[in-house]
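1. the following comprises the amino acid sequence and a computationally predicted model.
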Amino acid sequence: MRHLRVPSAETQDWLALCRSSHWLVTTSGVVRLEGGFRGIPLTENAPDETDTCWKGHLHIEVEGKGKGPVHWTERLPKALQQLPPETWPSAYEIQGDVLIVKLEGKASVYGESIAEAMLDQLPNIRLVCADDGVMGDFRVRDLSVLKSRDGTEHTRTRVREHGHLVWVDPAKAYFSSRLSSEREKTLTSLQKLRLRLERPLVIADPYAGVGPAFPLLFAEPGLIEGCLAGDLNPDAVDLLRLNIEYWQSKRADGPLKRVETICDDALQWGKTSTLLGQADVLLVNLPHNSLEHLPGLLQILRRGEPVLIRGWAIREREHLGQDTDNLQRLLHDNSARDIEVELAEIKGFSTSKCFVAFECSFTL
């Protein structure tokens, strides 16, 4: 049977592509290959190996692998499979090769059995951890190791988003893939500003975390010439620096002219002389306080040329019109001109609140 040969770390990305394109054989599973590769079974109507959609990955003939259990609970010991289905967690999260599951109620006493079943079902997972809530000033997850495939218990791992690798550590710094599509929209907005200014941009992200907003921007030739990135969490900044070093090394048009990583309260940026008037774009992702922090961040933006703010916030749904008016008033009160403000719900948060994205373009 024809299989697409891909690095194991890219398996999920290619599975998603093949599934959405109807090229995936659903009666056969992914085959483990030598050298850290996986084989994805392809249907007869999938394009041949020379097609550019495969990005140079080889097609090989190997024996198909019969499908095993569809769900991890089918791999639990027989005695546990007799328990009511609602005993078991209905969802989990995967970051890189780390699986995070919340064990509640009766499931909490079967943590090791659950972890063993998940490792058997998901060959790309190295570590299964229980999510015991959040802790500390930075509200990071309190994770307990349930089971390791290879004996390692560290939670540092890499995720792949839009084809780019990002170092994360769910036990030390917040990361969510839920804004993945918003990061694509940020790229589109910056491309438009780049054309308007006819020069590369400087991006400021004071709440960068491990930096997921940046890989798409770093990879776009000629888009940016510098970044000011930071976070208040020192562990997040350590990963941010590691990520930026990697993304710099992958840039087709060479390293950025200016890169600063800052471990400090974002509200101090507007009081730091070397940062004043330096950025063309400001990213603000502090959902519970984004709009409230904006007045102290405007000083970072360049004067005399068009600039852009993109941000995300949790807001009362019934007050979105007022929030839009307040953004326009804030910019007007700071002598901005040519003001354009967009604010829109992107997903629900609760019965009364929603998660919104806002974008403001103007000249100071």
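-> Cool, the structure landed.

2. so Val98 touches Pro170, yeah?
-> Yes: counting by Cβ atoms under 8 Å, Pro170 is a contact partner of Val98 at 6.3 Å. To be clear about C-beta, it is placed using only N, CA and C from the backbone, and glycine gets the same treatment.

3. tell me, what's touching these two both at once?
-> Common neighbours of Val98 and Pro170, counting by Cβ atoms under 8 Å, 6 or more residues apart in numbering, are Cys129, Thr155.

4. how about the helices in the protein?
-> Taking DSSP state H as the test, the helices found in the chain are 11-20, 78-81, 111-121, 180-197, 215-219, 234-250, 290-293, 320-333.

5. ranking those by burial, who's on top?
-> Mean neighbours per residue, mean count of other Cβ atoms under 10 Å, is largest over the helices of the chain for helix 215-219, with a mean of 21.

6. ok, what's across the strand from Gly66?
-> On the basis of DSSP bridges, Gly66 is bridged to Ser28.

7. tell me the domain ranges of the protein?
-> For the chain, automatic domain parsing gives the domain ranges 2-66, 72-155, 175-363.

8. coming back round to it: nearest to Asp264, of the helices of the chain?
-> Closest of these to Asp264 is helix 234-250, at 9.3 Å (criterion: Cβ to Cβ).

9. what ranges do the strands span in the stretch 1-150 of the chain?
-> 2-7, 28-29, 31-33, 37-41, 59-61, 65-66, 93-95, 98-101, 127-135, 140-148 (DSSP state E, counting those that start in this stretch).

10. pipe these into JSON lines and attach distance to Leu331 per row.
-> Output for the strands of the stretch 1-150 of the chain, formatted as JSON lines (distance: least, Cβ to Cβ, whole Å):
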{"stretch": "strand 2-7", "distance to Leu331": "46"}
{"stretch": "strand 28-29", "distance to Leu331": "55"}
{"stretch": "strand 31-33", "distance to Leu331": "56"}
{"stretch": "strand 37-41", "distance to Leu331": "50"}
{"stretch": "strand 59-61", "distance to Leu331": "55"}
{"stretch": "strand 65-66", "distance to Leu331": "58"}
{"stretch": "strand 93-95", "distance to Leu331": "37"}
{"stretch": "strand 98-101", "distance to Leu331": "40"}
{"stretch": "strand 127-135", "distance to Leu331": "34"}
{"stretch": "strand 140-148", "distance to Leu331": "34"}
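
11. could you give the number of residues near Arg156?
-> Arg156 is flanked by 16 other residues according to other Cβ atoms under 10 Å.

12. the closest residue in space to Asp235 that isn't next to it in sequence: how many residues sit nearby?
-> Once flanking residues are discounted, Asp235 sits nearest to Lys172: 3.8 Å by Cβ to Cβ, 6 or more residues apart in numbering. Look at Lys172: counted by other Cβ under 10 Å, it has 21 neighbours.

13. again, but for Val128
-> By other Cβ under 10 Å, 24 other residues sit near Val128.

14. surely Phe358 and Glu345 touch.
-> No: Phe358 is beyond contact range of Glu345, at 10.6 Å (criterion: Cβ under 8 Å).

15. tell me the buried residues in stretch 150-170?
-> Across stretch 150-170, burial judged by 16 or more other Cβ atoms under 10 Å covers 155-157, 159-161, 164-170.

16. and Phe358 and Glu345? Which one has more around it.
-> Neighbour totals were compared for Phe358 and Glu345, and Phe358 leads with 22 against 14 (other Cβ under 10 Å).

17. residues contacting that one?
-> Phe358 sits next to 290-291, 309-313, 323-324, 327, 341-344 when contact means Cβ under 8 Å, 6+ apart.

18. quick one on the thing from earlier: pick out the most distant pair among the buried residues of stretch 150-170.
-> So, the buried residues of stretch 150-170 by Cβ to Cβ: farthest apart are Thr155 and His164, at 20.5 Å.

19. using TSV, lay out the strands of the stretch 1-150 of the chain together with distance to Leu195 and mean pLDDT.
-> Formatted as TSV, the strands of the stretch 1-150 of the chain follow (distance: least, Cβ to Cβ, whole Å; pLDDT from 0 to 100):
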stretch	distance to Leu195	mean pLDDT
strand 2-7	35	93
strand 28-29	46	82
strand 31-33	44	90
strand 37-41	38	92
strand 59-61	39	91
strand 65-66	49	74
strand 93-95	35	91
strand 98-101	40	96
strand 127-135	42	93
strand 140-148	39	95
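
20. name the stretch among those strands that sits most buried.
-> By mean neighbour count, with neighbours taken as mean count of other Cβ under 10 Å, strand 37-41 ranks first of these at a mean of 23.

21. low-confidence ranges in the stretch 51-200 of the chain?
-> By pLDDT under 70, the weakly predicted segments of the stretch 51-200 of the chain are 67.

22. so what's the residue nearest to Ser144 when sequence neighbours are not counted bridging to?
-> Computed as Cβ to Cβ, 6+ apart, the closest residue to Ser144 that is not its neighbour in sequence is Ala130, at 4.7 Å. Using DSSP bridges, the bridge partners assigned to Ala130 are Val101, Ser144.
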